[in-house]
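Q: starting from these lines, generate the structure:
(chains A and B)
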Amino acid sequence: MSRPQECLKQLMSGDETSGLYVLMLLSFFPLYYWCFTEESTEDDFEISFVCHRPDDLDILQEETEFSKKELQFLYRAFKNECPSGVVTEDVFKLIYSQFFPQGDSSIYAHYLFEAFDTNRNGCLSFKEFVAGLSLILRGSIYDRLNWAFHFYDLDKDGFITREEMMKIMKSIYVLMGKYVYPSIHNDTPKEHVENFFQKMDRNRDGVITIEEFMESCQKDANIMRSMRLFDSVF
Amino acid sequence: MAAGVAAWLPFARAAAIGWMPVANLPMPVAPTNKNKHQDELIILNVSGRRFQTWRNTLDRYPDTLLGSSEKEFFFNEETREYFFDRDPDVFRSILNFYRTGKLHYPRYECISAYDEELAFFGIIPEIISDCCYEEYKDRKRENTERLMDDLEDNKDSKLPNMTFRETMWRAFENPHTSTMALVFYYVTGFFIAISVITNVVETVPCGSTPNQRDIPCGERYTEAFFCMDTACVMIFTVEYLMRLFAAPSRYRFMRSVMSIIDVVAILPYYIGLVMTNNEDVSGAFVTLRVFRVFRIFKFSRHSQGLRILGYTLKSCASELGFLLFSLTMAIIIFATVMFYAEKGSSSSKFTSIPASFWYTIVTMTTLGYGDMVPKTIAGKIFGSICSLSGVLVIALPVPVIVSNFSRIYHQNQRADKRRAQKVQKARLARMRISKSGSSTAFLHSKRNGLNQSLELTLPYYKMKLSPQGSLEEDQQMKKTTSLLESQHHHLLHCLEKTTNHEFVDERLYEQGYLQTALQNFPSRSPSLSSEEGITGTCCSRRTKKNMQPLSATHTHSHTHNLQELSALHIQCGEQQPLNTSRSSLNLMSDESGSLNCKSSGLVTTAIISIPTPPSNNSRASPDAPPPPNPDAPPLPNPGTDVVKISAL
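A: So this is what the prediction gives:
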């Protein structure tokens, strides 16, 4: 036999050695895979660099009741927190939570976000932001009540139901956090909602329409007074 | 409140519109914008370089120099700018902190200069952002150690009035202090050397007896060696005892590494003295002699380098551990492979896997003794892979160890990782305090009655009772809160009014201490039910835990009578049984002491008197109009006035 054949025979003789060769071959594949596939880390670094510019200052000034300087001030604050020009819900929640260190503000912030985001695209542009603020801070009492109604009406169907009110109420109570006196029971929001409905729901049909809401609010001196608070906010 | 979002405060306040229609109470008055000046640019002239920024930017951090009114001291009237005679380069970082909320530490800056600037502008270094904080801490540590080393060098001057013991200790620790110490130092060194040499020479075969057998010197000149050994051990023992005597903390000295080495060095001799009678353990006695070699470690007192080496090894423990672990893994793998590869060949030395360990180790460290070699081709292939990988695996952690050693050697650093951990804890604690300042600030301002509410159609007042130790807080509150702060507090106050609940301090909440408030609630059942709940929980909580020395009188107040101010006269004396029945909540002036009183001494309480004593245990509807909500769960004493008071 020639030398190569002898060697081959020797190699292939024992069971262990053949198994060994198989093992050797097999073990190289994971190594190859591990060494030669480069992790595509570049994909991770592709930050969505979306940049959104608001409308011109003049246009905004016409559409809202703010003066130029006020718009500038608001935009500076806006851009500082959201360099990309739009607020996502997470950033919104984060900003809002800084004002309420004790409680959990994420639910209330979520409803707020939905109220401000009028075109329902999931992010808040400066225009929407300023439009909402203009209604609240510079609008008439009617505007404010209107805005409040649409805020409470979570599914925007024109009626406030008990469930929607319950959700809103719970989110407000959650804002307070744990360390309150007297402590908040599970029933506290419920009772509060009951009171609210008793006050607002004239025809006792279980939902509050906008006319009932307006009427009841205008009859309540407290509410009217607190609505006037917003005149001096900004 | 995070300063960066201070500009969003108008938005947050606008968002409060969602609370207004559901609120049952009138809202407090909003703080007025007295100076309605819009945002203006201010000029900061720092040693000639002018920085400009909005005033609001600086107002974000009111507890720093630039954010507070302290900067008015630097205002230059003629040029209408603020002039600071400081380093403009460092000021750049400081101003960026106001702008972005993050404080960065520039690497080229000297650490002590930077610290001084921070201290000047009232910024605590703990808020350096994480990207630069490591660097800052490292540099700071180096600096402090260098300062401490300098201090130590200066401390060599002999202090007067040192006791003999202290002198001795100093002489031991630092041989250069006196001639005597130096002599002692060299003598001990000499004897350590002698002892080690003796141990070595003992085993050298010297000369042969007529028996044609080489015997070691130790057996030939037994007495000489024994005398030498005895002398050395005497010296070492004396030295150890003297050190023990001079040590300031004997317990700590006995636990230190060097003293353990000393003990281990001299112990075999004494054990040998004791055990010569017993023949059985002579084998063990021989083994003990091995420990005599530990005397060589006593040299580490004499050599700085040895100590540093030891310290390096200790500090590189993780790298060494990694080296060991990876080597072990590789050894096992290759030994297994070699064993199975060589199993086929005849007369193979690879009899078992543990036997292959030896081959693997020798190959991986590239020693290659040659006592075991693979004969099969597969074995040779794997053997070569083994040696190649050995080189790599060993070469990897070594540079780390080397660099560590050089760093430590150059800096002469002391190992104090424990100190670093404490600093980290302190840093986190300080950051937490400054962050929680926002929530506590609101509570402080509330407690001190800074919030005046508008809905005072009926008179009511808040009792200003501050808990123990709040003197500093009171003083702090004397400072005017900025407009932003007051607006933020107004917002939180509106929320309280909306939900009819109050924020309390975490501490107070947990201890069950409540702030005093006599509040007029328009008849609302939630408050009733929740108050009853409070009573229950409060009492039960107190019976569960043993409360702290600060005693409190707890009673809960619910004035159903809107017209009158109700007040409660309480005197608290000794400790009363805690199982206060509901009836005892009914207060009569003389019986007040029986109320929920935990005493630890003096309790001064507010004096409040009930004008109309309510009926006892009456479950009927209360007498005074307007009655509370009849749907309310029956209060034990609807007519009772219960006040909550915190004791001083």
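Q: I'd assumed A:Glu164 was in contact with A:Phe196.
A: No. Contact criterion Cβ atoms under 8 Å: A:Phe196 and A:Glu164 do not qualify, at 11.4 Å. For glycine as for every other residue, the C-beta is placed from the backbone atoms N, C-alpha and C.
Q: who has more neighbours, the two?
A: Counting neighbours by other Cβ atoms under 10 Å in any protein chain shown for A:Phe196 and for A:Glu164 shows that A:Phe196 has the greater number, 22 against 19.
Q: element containing that one?
A: Taking DSSP states H and E as the criterion, the element that holds A:Phe196 is helix A:187-200.
Q: restricting to C-alpha, output that helix in CSV.
A: Provided in CSV are the C-alpha atoms of helix A:187-200 (Å, rounded to 0.1, in the frame of the first residue of the first chain):
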residue,chain,number,x,y,z
ASP,A,187,-63.8,54.1,46.7
THR,A,188,-62.6,57.6,46.8
PRO,A,189,-62.5,58.1,43.0
LYS,A,190,-65.7,56.3,42.6
GLU,A,191,-67.5,58.5,45.0
HIS,A,192,-66.0,61.5,43.5
VAL,A,193,-67.3,60.4,40.1
GLU,A,194,-70.7,59.9,41.5
ASN,A,195,-70.8,63.4,42.9
PHE,A,196,-69.7,64.7,39.6
PHE,A,197,-72.4,62.8,37.7
GLN,A,198,-75.0,63.9,40.1
LYS,A,199,-74.0,67.5,39.5
MET,A,200,-73.6,67.3,35.8
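Q: how about the residue positioned nearest the centre of chain A: what's its closest non-neighbour residue?
A: Geometric centre of chain A, nearest residue: A:Glu89, 2.7 Å, by Cα atoms, centre = their mean. Spatially, and ignoring its direct neighbours in sequence, A:Glu89 is nearest to A:Phe113 (5.2 Å; Cβ to Cβ, 6 or more residues apart in numbering or on different chains).
Q: what's B:Gly310 in contact with, if anything?
A: Going by Cβ atoms under 8 Å, 6 or more residues apart in numbering or on different chains, B:Gly310 touches B:Ser300.
Q: what about 10 Å?
A: Going by Cβ atoms under 10 Å, 6 or more residues apart in numbering or on different chains, B:Gly310 touches B:Val257, B:Phe297, B:Ser300.
Q: ditto for B:Thr203
A: B:Thr203 touches B:Pro216, B:Cys217, B:Gly218, B:Glu219, B:Arg289, counting by Cβ under 10 Å, 6+ apart.
Q: okay, B:Ser453: pLDDT?
A: In this prediction, B:Ser453 carries a pLDDT score of 41.
Q: tally of neighbours for residue 82?
A: With no chain named, the answer covers chain A. A:Cys82: 20 neighbours (other Cβ under 10 Å).
Q: oops, chain B please
A: 19.
Q: surely it meets B:Val46?
A: Yes. Assessed by Cβ atoms under 10 Å, B:Tyr82 is found in contact with B:Val46 at 8.9 Å.
Q: just for the stretch 451-600 of chain B, where's the confidence low?
A: B:451-482, B:506-600 (pLDDT under 70).
Q: ok, the residue of chain B found nearest chain A - contacts?
A: Nearest residue of chain B to chain A, counting by Cβ to the nearest Cβ: B:Ala7, 3.2 Å away. Shown in contact with B:Ala7 (Cβ under 10 Å, 6+ apart): A:73-74, A:76-78, A:80-81, B:39, B:54, B:56-57, B:59-60, B:484.
Q: quick one: secondary structure of it?
A: What DSSP: H, G, I helix; E, B strand; the rest coil gives for B:Ala7 is helix.
Q: which parts of stretch B:126-138 are buried?
A: B:Glu126, B:Ile127, B:Ile128, B:Cys132, B:Tyr133, B:Tyr136, B:Lys137 (16 or more other Cβ atoms under 10 Å in any protein chain shown).
Q: may I ask which two of those are separated the most?
A: Farthest-apart pair in the buried residues of stretch B:126-138 is B:Ile127 and B:Lys137; separation 13.2 Å (Cβ to Cβ).
Q: got any residues that touch both of the two?
A: Joint contacts of B:Ile127 and B:Lys137 (Cβ under 10 Å, 6+ apart) are B:Arg427.
Q: for the residue of chain A found nearest chain B, give me the pLDDT.
A: Closest to chain B within chain A is A:Ala77: 3.2 Å, counting by Cβ to the nearest Cβ. pLDDT, A:Ala77: 81.
Q: so it is in which element?
A: helix A:68-81.
Q: work out the gap between that helix and the centre of the chain.
A: 21 Å (Cα atoms, centre = their mean, to the nearest Å).
Q: past that helix, which element shows up next along the chain?
A: Trace forward from helix A:68-81 with DSSP H and E and the next one is strand A:86-88.
Q: right, and A:Pro189 touches A:Ile172 too?
A: Yes. With contact defined as Cβ under 10 Å, A:Pro189 reaches A:Ile172; the gap is 7.8 Å.
Q: what do the two both touch?
A: In terms of Cβ under 10 Å, 6+ apart, A:Pro189 and A:Ile172 are both contacted by the residues B:Val22, B:Thr499.
Q: for B:Met254, see how far away A:Asp90 is.
A: To B:Met254, A:Asp90 is 59 Å away according to Cβ to Cβ, to the nearest Å.
Q: is chain B within reach of the helix holding A:Phe196?
A: Yes. Residues of helix A:187-200 are located near chain B by Cβ under 10 Å from any Cβ of the partner chain, namely A:Asp187, A:Thr188, A:Pro189, A:Lys190, A:Glu191, A:His192, A:Val193, A:Glu194, A:Asn195, A:Phe196, A:Lys199, A:Met200.
Q: now do the strands in the chain.
A: All of this refers to chain A. Here chain A has its strands, by DSSP state E, at A:86-88, A:123-125, A:159-161, A:180-181, A:207-209.
Q: please refer instead to chain B.
A: Going by DSSP E, chain B shows strands at B:41-46, B:49-54, B:75-76, B:81-84, B:205-208, B:214-216, B:502-503.
Q: what residues does the stretch 251-400 of chain B have near chain A?
A: So far as Cβ under 10 Å from any Cβ goes, the stretch 251-400 of chain B lies against chain A at B:337, B:339-345, B:376-379, B:381-382, B:385.
Q: run through the stretch 51-200 of chain B and note the low-pLDDT ranges.
A: Residue ranges of the stretch 51-200 of chain B with pLDDT under 70: B:149-161.
Q: enumerate the residues of it near chain A.
A: Residues of the stretch 51-200 of chain B found near chain A, taking Cβ under 10 Å from any Cβ as the criterion, are B:Trp54, B:Asn56, B:Thr57, B:Arg99, B:Thr100, B:Gly101.
Q: neighbour count added to those residues, as JSON lines?
A: As requested, these are exported to JSON lines (neighbours: other Cβ atoms under 10 Å in any protein chain shown):
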{"residue": "B:Trp54", "neighbour count": "18"}
{"residue": "B:Asn56", "neighbour count": "19"}
{"residue": "B:Thr57", "neighbour count": "23"}
{"residue": "B:Arg99", "neighbour count": "14"}
{"residue": "B:Thr100", "neighbour count": "13"}
{"residue": "B:Gly101", "neighbour count": "16"}
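Q: so which of these belong to helices?
A: Counting by DSSP state H, the part of those found in helices is B:Asn56, B:Thr57, B:Arg99, B:Thr100.
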